[in-house]
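Asks: no sequence for this one, just the structure:
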């Protein structure tokens, strides 16, 4: 029975990742992953008084927030496709 626990959690996680990518896209999934790691680090430092956020953790959080802001403020716009006139 205990063998099924990691199998089921991995399969459920794979299905959830697939649904997130389908509905939100890979960019937003990446941002969610980065902020999830940052939030878990903050919660861990709040729960365990012996652990604090390092300078690298804070810098990573600031860079992730900046990249999310840049992505939301200046979204990618595809160049218009050139129409080829047939000279025939």
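Replies: Nice, thanks for sending it over. Note that the structure is predicted; figures quoted are calculated from it, not measured. Numbering: from 1, shown residues only.
Asks: now the helices for this structure?
Replies: Taking DSSP state H as the criterion, the chain carries its helices at 4-24, 26-47, 55-73.
Asks: other SSEs contacting the shortest one?
Replies: With contacts defined as 3 or more Cβ pairs under 8 Å, 6 or more residues apart in numbering; DSSP states H and E, the packing partners of helix 55-73 are helix 26-47. C-betas here are computed from N, CA, C, even on glycine.
Asks: can you check the first one too?
Replies: In this structure, helix 4-24 makes packing contacts with helix 26-47, judged by 3+ Cβ pairs under 8 Å, 6+ apart.
Asks: pLDDT score for residue 38?
Replies: As predicted, residue 38 sits at a pLDDT of 81.
Asks: thought it was touching residue 59?
Replies: No: using Cβ atoms under 8 Å, residue 38 is not in contact with residue 59; the gap is 10.9 Å.
Asks: who has more neighbours out of these two?
Replies: residue 38 (18 against 10; other Cβ atoms under 10 Å).
Asks: by mean pLDDT, flag the weakest helix or strand of this structure.
Replies: Of all helical and strand segments in the chain, the minimum by mean pLDDT, DSSP states H and E falls on helix 26-47, at a mean of 82.
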